[in-house]
Every structure is written in C-alpha cells, then in structure tokens.
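Chemist: Kindly generate the corresponding structure for this input.
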Amino acid sequence: MSREAINAPGAAAVGPYSHGVLINGFVYLSGQTPIDGATGRLVDGDIEAQVHQCFRNLGAALEAASLSFDNVVKCNVFLTDMQDFAAMNSVYAKHFSKPYPARTTIGVASLPLGAKVEIEMIAALP
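Modeler: Take a look at the predicted model:
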C-alpha cells in the first residue's frame, strides 16, 4: 500500500506533515488552521475570518490534488469556543452544496498557535 503526499504551493505547515495524503481513492487532508501562507501567521479577525482562511488553505490542498469541495465526503471541525458554532457554520455552509459532507464538530481546549478553529477533510477521487 503506497501513499502519495499532497502539498499545496504557498500553504504553511507548522510541523512535519503533508497537507494531504492520497491512498486507495481518497485524499485525507491534514487539519488546517487559519494561517496565512504568505505571512506564516494567523489571520487577524474574528472566527469568521479564521474559518475563511481555513477554507482557503483546504481549497489549495484540494486543488493540488485536482479536487474541489464537491469531492469532500467528511469534515472534522475543532473549535476552542463552542459559542462560535453558529458563525463557523455560516461560513462553512458557503463552501458546500447538497448532499453535504458528513461532519463532526468538537470543542477543544486549545489549538496550535492560538487558533480558534481547525478543519480537516476527507475527499474521494471522482
């Protein structure tokens, strides 16, 4: 069983991992925090700004695998404050259409670099 690394040009990584791994017809995308790839820093702003940046990062990783958000079958969302759920959900909903991917949203104590949100995805090859 061999796996192929997916790395998005211009996207930041804060550790020894690939942005995604292609194996057996699926691309497993690493969790993306709201890091601006151009600066290597968290984006300024509220939870909505952070969620938008997570989706920009995830979109770049999907594009590097020749996929789009239409190929996503599962998402995991990690929030440091569940009071941000509605705001996260409003941004999240703009990136998908029916049938929506399966999703889990989990409240966590903290995330890397003080991020408020991290999102990971699994996408299927066409």
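
Chemist: Could you find the closest non-adjacent residue to residue 32?
Modeler: Counting by C-beta to C-beta, 6 or more residues apart in numbering, residue 57 is the residue found nearest to residue 32 once chain neighbours are left out, at 4.0 Å. Any C-beta I mention is one placed from the backbone N, CA and C, and that applies to glycine too.

Chemist: and the one you found, what does it touch?
Modeler: Going by C-beta atoms under 8 Å, 6 or more residues apart in numbering, residue 57 touches 8, 11-12, 32-35, 37.

Chemist: Can you name the residues in contact with stretch 9-27?
Modeler: By C-beta under 8 Å, 6+ apart, stretch 9-27 touches 1-8, 28-30, 32-33, 35-38, 40, 57, 60-62, 64-65, 67, 71, 73, 112-113, 122-125.

Chemist: Which residue ranges of the protein form helices?
Modeler: 47-64, 85-93 (DSSP state H).

Chemist: related to what we said a few turns ago, which pLDDT value goes with the residue nearest to residue 32?
Modeler: As predicted, residue 57 sits at a pLDDT of 95.

Chemist: Can you tell me how far it is from residue 24?
Modeler: Computed as C-beta to C-beta, to the nearest Å, the residue 57 to residue 24 distance reads 24 Å.
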